[in-house]
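Colleague: pasting the sequence and the predicted coordinates here, then a few questions.
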Amino acid sequence: RFCASKVQIPNGAVVQVPHFSMVDKLSNQVVGAFAMWMAQGKIKKKYAIDDEAAAVREAIAHWLKEGVGEASFAGGQKPHLGDVAVYGCLKAIDRTSTFSEIMAETGVKPWYERMTAEVQPGNACTSRQ
């Protein structure tokens, strides 16, 4: 069972931005964490979420069944914007214990690994190519 209180905050994203001063980095982490703490109660109430872990498992199960189905990706043989959006949500927490638990307790790992292979540097198609 994953629990928000078990999440380990990685020493990464904000700390690694080279043009942020130490004050910027610290205030970003403190203010951001406080804002998310303030918002979480309203978000849970808005969507009638009692058990966060169950809600995450249900959302992933729904995505796999209705979004991906029997295909490799929701976009079929290649990812589309829906795949990228879900991948981005999971990638944002990939250095946390919650991510490890999601990978272990749901069936999303094979899809996530296929997406990781697709979004490696140099794999993007842009209108400038």
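Modeller: Structure's in. What do you need? Residues are numbered from 1 along each chain as shown.
Colleague: and the host helix or strand of residue 60, what does it pack against?
Modeller: Using DSSP states H and E, the element containing residue 60 is helix 52-62. Packing partners of helix 52-62 (3 or more Cβ pairs under 8 Å, 6 or more residues apart in numbering; DSSP states H and E): helix 97-105. C-beta coordinates here come from the backbone N, C-alpha and C atoms, glycine included.
Colleague: right, and the helix or strand after the helix it packs on?
Modeller: helix 109-118.
Colleague: so what does that next one touch, helix or strand wise?
Modeller: helix 81-91.
Colleague: run the angle between the helix it packs on and helix 97-105 for me.
Modeller: 120 degrees (axes from the mean of the first three to the mean of the last three Cα atoms, to 10 degrees).
Colleague: for residue 98, give me the pLDDT.
Modeller: What the model reports for residue 98 is a pLDDT of 89.
Colleague: wait, doesn't residue 44 sit right on residue 52?
Modeller: Yes - taking Cβ atoms under 8 Å as the definition, residue 44 is a contact partner of residue 52 at 7.4 Å.
Colleague: what's the spacing between the helix or strand encompassing residue 39 and its chain's center?
Modeller: Using DSSP H and E, the element containing residue 39 is helix 22-46. Per Cα atoms, centre = their mean, to the nearest Å, the displacement of helix 22-46 from the mean C-alpha position of its chain is 17 Å.
Colleague: pull out the buried positions in that helix.
Modeller: Within helix 22-46, no residue qualifies as buried by neighbour count (16 or more other Cβ atoms under 10 Å).
Colleague: got the angle for that helix vs helix 52-62?
Modeller: Counting by the same axes, to 10 degrees, helix 22-46 lies at 80 degrees to helix 52-62.
Colleague: which residues are in contact with helix 22-46?
Modeller: For helix 22-46, contacts defined as Cβ atoms under 8 Å, 6 or more residues apart in numbering pick out 9, 14-15, 17, 20, 49-50, 52.
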